[in-house]
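Q: got a predicted model here, sequence first, then my questions.
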Protein chains: 4
Amino acid sequence: MSSKFGHRIQISVFGQSHSQAIGVVIDGLPAGERIDLDQVQAFMKRRAPGRHPYATPRKETDTPEILSGLFEGRTCGAPLCAVIHNTNAHSKDYSNLIKTPRPGHADYTAAIKYHGFQDYRGGGHFSGRLTAPLCFAGAVCMQILARKGIQIGAHILSIKQVRDLSFDAIHMTAKDLQAVTSKEFPTLDDEAGRKMQKLIEDVRLVQDSVGGVIEAAAVGLPVGLGEPMFDGLESHLASILYAIPAVKGLEFGNGFGATMLYGSENNDPFYYDENGMIKTKTNHHGGSLGGISSGMPLTLRVAFKPTPSISQEQQTVGLESGKNETVRVIGRHDPCIVPRAVPCVEAAVAVALLDLYEMK
Amino acid sequence: MSSKFGHRIQISVFGQSHSQAIGVVIDGLPAGERIDLDQVQAFMKRRAPGRHPYATPRKETDTPEILSGLFEGRTCGAPLCAVIHNTNAHSKDYSNLIKTPRPGHADYTAAIKYHGFQDYRGGGHFSGRLTAPLCFAGAVCMQILARKGIQIGAHILSIKQVRDLSFDAIHMTAKDLQAVTSKEFPTLDDEAGRKMQKLIEDVRLVQDSVGGVIEAAAVGLPVGLGEPMFDGLESHLASILYAIPAVKGLEFGNGFGATMLYGSENNDPFYYDENGMIKTKTNHHGGSLGGISSGMPLTLRVAFKPTPSISQEQQTVGLESGKNETVRVIGRHDPCIVPRAVPCVEAAVAVALLDLYEMK
Amino acid sequence: MSSKFGHRIQISVFGQSHSQAIGVVIDGLPAGERIDLDQVQAFMKRRAPGRHPYATPRKETDTPEILSGLFEGRTCGAPLCAVIHNTNAHSKDYSNLIKTPRPGHADYTAAIKYHGFQDYRGGGHFSGRLTAPLCFAGAVCMQILARKGIQIGAHILSIKQVRDLSFDAIHMTAKDLQAVTSKEFPTLDDEAGRKMQKLIEDVRLVQDSVGGVIEAAAVGLPVGLGEPMFDGLESHLASILYAIPAVKGLEFGNGFGATMLYGSENNDPFYYDENGMIKTKTNHHGGSLGGISSGMPLTLRVAFKPTPSISQEQQTVGLESGKNETVRVIGRHDPCIVPRAVPCVEAAVAVALLDLYEMK
Amino acid sequence: MSSKFGHRIQISVFGQSHSQAIGVVIDGLPAGERIDLDQVQAFMKRRAPGRHPYATPRKETDTPEILSGLFEGRTCGAPLCAVIHNTNAHSKDYSNLIKTPRPGHADYTAAIKYHGFQDYRGGGHFSGRLTAPLCFAGAVCMQILARKGIQIGAHILSIKQVRDLSFDAIHMTAKDLQAVTSKEFPTLDDEAGRKMQKLIEDVRLVQDSVGGVIEAAAVGLPVGLGEPMFDGLESHLASILYAIPAVKGLEFGNGFGATMLYGSENNDPFYYDENGMIKTKTNHHGGSLGGISSGMPLTLRVAFKPTPSISQEQQTVGLESGKNETVRVIGRHDPCIVPRAVPCVEAAVAVALLDLYEMK
C-alpha cells in the first residue's frame, strides 16, 4: 500500500469501507490559512450518495471531524487530520466477495496481493468511499488556491454517447467554472444534462450501468507550476487522478485529438494581449508546455468506466471452490458514478496543484 | 526540477541538450543481475536519430559509458550511472530561442520558471534527447524483468488518421511483442506501416509535422503489482509516461472507449483456464483492477502530439522586444517523433514495472 | 512540517497537545500480521504519565482507538490509523506561552516559523505527548519484528551523574532485554535505579529538573539491514531518534568513546563461533559496519536534556511587549522525562528497523 | 542502496572506489546561482589525500568535471551532475577483501547484503572516497548559503585525548569560522594542532590509527529552519552526517554534557540584545529548539572512530575457507582520517541546511 501523495503538501488517506472510520492526514499546509468548514462540507456533499434520484439511496452522513491541525479556525503548521466515521460497520455479510470476486472490481487482485487478509467488506480500501477524504483534502486545498486567484471546476462532458459542450479552453473564467459546479447536475448545456439523467435512469431500470468523461479546468494559474522531468504538471496530476477508482483514461489539452492535427495546426501561437500579457491564440496545449503551466487555462478530460457493480448475473470464479461460478452484486449501487465523481476530479486537481504551487 | 522517479528503483536523469553529457543514475537495482550492454545499446539504437529516412539526419552516437554500478558485468548493489556525451556542444547560436519562444515548446514556460537562467540551447533539459538516458534505464530494467518472465513491447497504433491493428489484448504473447519490436518500423500490419511512412515523408516535404498513438503492452506480469491508492499501476505508469516530451493522452485497457460500453459489456468475466489459472474472457480492464495487476496483459495507449518543431513561420512573442514577432525553427527535425518514441514508451513502462515489482 | 517517517513502513504522526486527538497512520505494514492490542496498550502504559511518583500526576488515558487497517485482528494491507483522544482540550489558559516563550522549548522558534499561527497550547505539535502515537507505532512494529526473532529493549544508563551498568554488548540476549524492560524502573542495577529515583525526587522538591542517557539495544537482527549511503542503520535510526523531544546526543557502539582508542583496540576481530556463525569478539561497532547490520547486538545511547519545564522563575522576552520579562512554567511537570522516554526510544528503534527490514 | 538524500535539494551519490568514476547529481538547486568552480576545487582540496605528511601519500586528482546543470557559470534549473574520474581502476588485486573481510570495514556486511556481488575493490561504494562527491555538493550549497549570510565551518576538537579549544558557541562569527577553516591543520589553538599532528605521526610509525571529534558550526541562520517532527534540524543533519564513513557519535549543543546539568542551568534564557534581536544568553541548545533553528549559532560535534585500515595483523574469518584467519591491510592509509573529514562534515551540514532552507 502506498496511500500517500505529494511532496510539499502530503496527503495520507486511510480507511476501509467498513472500518471504524476513514480519513486523511494533510501535512505541509502553510500556517495561517483560514478554513471554512461549512464550505468544505458543502463541497463534500456534491460527492455524497443519496443526493440524486439516479444515485444510490444509501445515506452516508460524511461529516468530517477535525482531529488536529486547525487552531482558532486556521491551519497552524501541524498536520491536519480529518476523519469520517463509518456507521455501517458490521452491517451485512460480505463473505461472498472473498469467495466469488466481482468482475471489474479489485476483489481478486487484492485477495492475491494481500494473501487473503484484505478487508473485503464493501471493497475495503478500494471502495469509492475512500474518495470522501480525498474530497476533504481537495476542499481545503481549493480554499487556499482560491486566495491565490486559482479556481478549479469540472463538468460532465459525456455519459456514454450523450455529450455536453466543451469548455471554452481559451476564454473560460473563474465565474464560468463556479457557475457549472454550482449546478445540481453539472453540465454546461442543461438539455444535455437532462438527456444524461434520462439515460442513467434507463440503465438503472435494466440493472446495468454506464460511464462517461469528466472535463476539468483550472484558471488563474501563474506561469511556472510543474517540476519536470518527473513531476511535471501532467505527470503529477495523472498520478493522483488515476488513484480515483474507475478512471481508465486521461488527456490534457486536446489530448488524443492532437494526433489528428498537423503541427502547424496544433501549435498554439503566442501573442501579447491588450494588457501586455503573453497568451496563446488557441489552447491545444491545455495550459501546459514542457510540464510547466503556461498561464492559459489548464484543461483535462478523465474517462470513467461504467460502474462495475451491477445486479445482473455475471460469470466469475469460485476462489474456494476452484470452479467457475456466477455472482450477482446485491444491494443498490450507482448506475453511473460520473456525477458524484465530478468533485473528486476537482479535489484531485486541487491537491496536486497546491503541492506544485508550494514547490515553486 | 524533480528529475527523479521511483521508490525502490530510483532513476535520476540529468543533462541538457548541449551540456557536456546527459545521463542517468539508477539506484536500488538488485545486486547480481548480469547486464548485457550490447543488448542495451541495440535497444537504444531504436531511439537514436538518423536511422530512418523520415527522421532527422543528425548523428548522435548515443553510446552510453558506464561510470559505476557494474562489477564484472553484473549489478553490484551500488548505483549504476551511465552517461552519454554530447558532441554538439557550443555548435551553434540558439539565442533566438530565448528571444522568440517556439510555439508548442517549453521555451517560454522554462524562461519564466527559471527566471531566464535556463539552458535554452536545443531545448535544454526539455529536449527529447533526455529520453536517451530513460531508454538506457529502461533497457537495464527490461533485462531484469525478462528473467522474471515479463516482456514489454510497443508498436505504432496510428500516425494521424492512418491506423495499425490493435494488439490482441487477450492472447498476445512475449513472442508477439518481440516480433513487432524487432521491426524497422514497428507496426503489426506492414501495409499500415508503409502508409504511415509515406504520410510522414509527405508532411516533411511541406515542412509540417504529425503525431500519433503508441500502444504498449506487458505480458507475464504476476498478479499483485501496484501499490494503491496513489502508486497503483495506472498512477505509477502515468507519472513516468507523461514525463516523455509531447505526450498529451494516456489510456489503459479500453480507456476512453470504456465510456461507450454498458457495465455488463465492459466488465471482464473471470474463468479458470485449462491450466487452472484465473483469467478474464475479455480484457477491457487492460490488466489492472484497482490499480493492481490481474495477470492479464497490461495494455495502454499513449498519444503524442505532432512535433512542435516545424520550419514554417510561426507567430510568437519577442520576450525582449515586448512585441509580437515570428519564428522559424531552423535545422532539421523529425517530422514525426512517434517512431523513435516507441522504445521510450517501452523504457518508461519497464522502469515503472520493475519499481513496483521490487515494492511487492 | 514533515511529520512523516519511513520508506516502506511509513508513519505519519498528527495532533497537538490540546487538539481533539493525536494519532498516527502506519502505511506499508505487511498484510496478515496479528496485532495484540492489549500488548500494545501495556507497552504504551510504560510511557504514560501519572504512573510513577516521580512523574507528573496528570492523567492521560492514552487508550488508542483503531480507526482502520486491522481486520479480524490482523493487518489487512490498508493503512493502520490509531487515534488517542485528548480529554484536556480547552482546559486552561495558555496564552502566556505565546507572549513569553519558555526557555528550552519550541515556543519561540515555532512562533516565528508559523508566523504566530501555531497551536501554542501545551506545546502544540511539539509536546512530548506526540510520542504517544510514536509508541503505538513502535509497539505494532515490535510485534512484527518479534516474529522475525528481533527483540528491542532499553534501560536508563544514567540520570545526571548517577550511572547504571552498561549492556553486555557481546552476550546480551532477548531475555535480558525483556527482563529489564519489564521493570517498573528500568535499570540493570536496582541499587542504581533507587539512587536515580531519589535524585529525581530531590530535584522535584527544589523545582528543578534533570536529564540522562538511555541505552537501547536490538538482538536477533539478520546481517544486511541498512541502506547506505544515506539510509544506513545509523542514519535511519538517528533521523527518527532525534525526533523525540529533548534528545541532544546519540552514539552507536562505543561512540564518542571510540575516539579514545587506537584502531588496533577499536577494530572488532571476526571469528567463527561454535555454531559456525560469524561473530566479532568485541562489539565496539555496536552491530553496524558501513551502515549495515553485522548480526551482533545493535547498541546505541541517547542523551536527553533536563526537562525544560521548571517552575522556577526564568528570564525570557515578551514577544508583544518587546521587553525582557520573566516566566514561570505553571502546572506540574516531570522533573525528569527519561524514565518515560525509555519506551519512546524502543519504539523509534522498532519503526526504523522494521522499515529497513522491509527494504531489504 | 539508497544513495539519495534530501527533499528540495536532492543529492544522488554514485560510484565505487575503483569504478570508472564517482560523482553526484544535485537536483533542485535554485536557478541563477553563480558557482565558482575554483572555490569548489579549493574546498575539495581540503579533503584530498596526499596533502599532509600525516595523510596517505596516494594521489587523487579529484578534479570534478561538470556534465550538466551549469550554463554560463550559473545553475540553470536542470540537475547538476559532476563526476570525478578514477585513475586507479584495475590497478591491483583486491580479491583478498572478499576472502578475508577487514575488521571495522563493511567488507563482511556488504558481502552478505549483496550476495557476494558487491564491488569489493578498495571498499567499493563504502570507500571514504565517496565523500569527494559529497564535498562537491557541499561546496556548491555553501556558495549559495553564503549569499544568504550563512557560514559553515568546522575544526578538530580532539584527536584521541589531545583536545583543541571549543568554539565560543555564543559569540562566534563568520570570520572566526573562515579563519579556522583556512588553516592547513584546522584547530583554534595551533599548539593543540601541533600535538595532534605529532600524535598522528607517532601512531603511523607503529602501524596503528586514531580517531577524534570534529566540531562544526553554522552562523547566520534565520530563525525557522527545520521541519519537525521527522525532518527537524537535528534529524536531518544526523541522517546525512551518519552517512560519512567512520562516524559513530553526534551531539548538538552541549549534547551528552546536557545530562550533567540541572534544567535551571541548561535552559538558555532569552533576551533582547542592543539591536532588539532576540538571543539567548547561553547556547546550550546549540541553535535548535524543537528541531527549529533559533538564530543562535548551530553547533554540533561528530565522533570519528580510528581508521579501521591498519597494517598490523588482525584476526578475521575466511569466507571461503570457513576458518578463522588473519588479515593485514596492505597499502598506505591515513593513520587518522579526522583532518580530511573536516570539510566532509562541513559539506554534509551545508547540503542539509540548504535543503531545509529551500523547504522553509
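A: Great, that's in hand. Because the structure is a prediction, the values reported are computed rather than measured.
Q: C-alpha only now, for contacts and for neighbours.
A: Noted.
Q: tell me who's in contact with the closest residue to A:L145 other than its chain neighbours.
A: Leaving aside its sequence neighbours, A:L145 sits nearest to A:L354 (CA to CA, 6 or more residues apart in numbering or on different chains; 6.6 Å). Shown in contact with A:L354 (CA atoms under 8 Å, 6 or more residues apart in numbering or on different chains): A:I9, A:C141, A:I144, A:L145.
Q: and the helix or strand harbouring A:L354, what's buried?
A: Using DSSP states H and E, A:L354 falls within helix A:338-359. Burial within helix A:338-359, assessed by neighbour count using 16 or more other CA atoms under 10 Å in any protein chain shown, is assigned to A:338-357, A:359.
Q: cool, stretch A:276-286 as well?
A: For stretch A:276-286, burial by neighbour count (16+ other CA under 10 Å) applies to A:I278, A:K279, A:T280, A:K281, A:T282, A:N283, A:H284, A:H285, A:G286.
Q: got the contact list for the lowest-mean-pLDDT helix or strand in chain A?
A: Within chain A, no helix or strand scores below helix A:96-99, which has a mean of 80 by mean pLDDT, DSSP states H and E. Helix A:96-99 is contacted from outside by A:D107, A:Y108, A:A111, A:G116, A:Y120, A:R121, A:G318, A:L319, A:E320, using CA under 8 Å, 6+ apart.
Q: can I get the buried part of the residues you listed as one ChimeraX selection?
A: Selection command for ChimeraX covering only the buried members of the contacts of helix A:96-99, criterion 16+ other CA under 10 Å:
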select /A:107,108,111,116,120,121,318,319
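Q: need the contacts of helix A:96-99 in JSON lines with secondary structure and pLDDT, can you?
A: Listed next are the contacts of helix A:96-99 as JSON lines, based on DSSP: H, G, I helix; E, B strand; the rest coil; pLDDT from 0 to 100:
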{"residue": "A:D107", "secondary structure": "helix", "pLDDT": "96"}
{"residue": "A:Y108", "secondary structure": "helix", "pLDDT": "97"}
{"residue": "A:A111", "secondary structure": "helix", "pLDDT": "96"}
{"residue": "A:G116", "secondary structure": "coil", "pLDDT": "95"}
{"residue": "A:Y120", "secondary structure": "coil", "pLDDT": "93"}
{"residue": "A:R121", "secondary structure": "helix", "pLDDT": "92"}
{"residue": "A:G318", "secondary structure": "coil", "pLDDT": "96"}
{"residue": "A:L319", "secondary structure": "coil", "pLDDT": "95"}
{"residue": "A:E320", "secondary structure": "coil", "pLDDT": "93"}
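Q: looking at the contacts of helix A:96-99, which is nearest B:F43?
A: Relative to B:F43, the closest of these is A:Y108; by CA to CA it sits at 35.5 Å.
Q: next, work out how far apart the closest one and B:G295 are.
A: 11 Å (CA to CA, to the nearest Å).
Q: equivalent analysis for A:L188, please.
A: Taken as CA to CA, the span from A:L188 to B:G295 is 41 Å.
Q: kindly report the same for A:H18.
A: 28 Å.
Q: kindly report the same for A:Q314.
A: Relative to B:G295, and taking CA to CA, A:Q314 is found at 20 Å.
Q: on that earlier part again, columns secondary structure, pLDDT and distance to A:T326 on top of the buried residues of stretch A:276-286, output as a markdown table?
A: Output for the buried residues of stretch A:276-286, formatted as a markdown table (DSSP: H, G, I helix; E, B strand; the rest coil; pLDDT from 0 to 100; distance: CA to CA, whole Å):
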| residue | secondary structure | pLDDT | distance to A:T326 |
| --- | --- | --- | --- |
| A:I278 | strand | 98 | 60 |
| A:K279 | strand | 98 | 57 |
| A:T280 | strand | 98 | 55 |
| A:K281 | coil | 98 | 55 |
| A:T282 | coil | 98 | 52 |
| A:N283 | coil | 98 | 49 |
| A:H284 | coil | 98 | 46 |
| A:H285 | coil | 98 | 46 |
| A:G286 | coil | 98 | 45 |
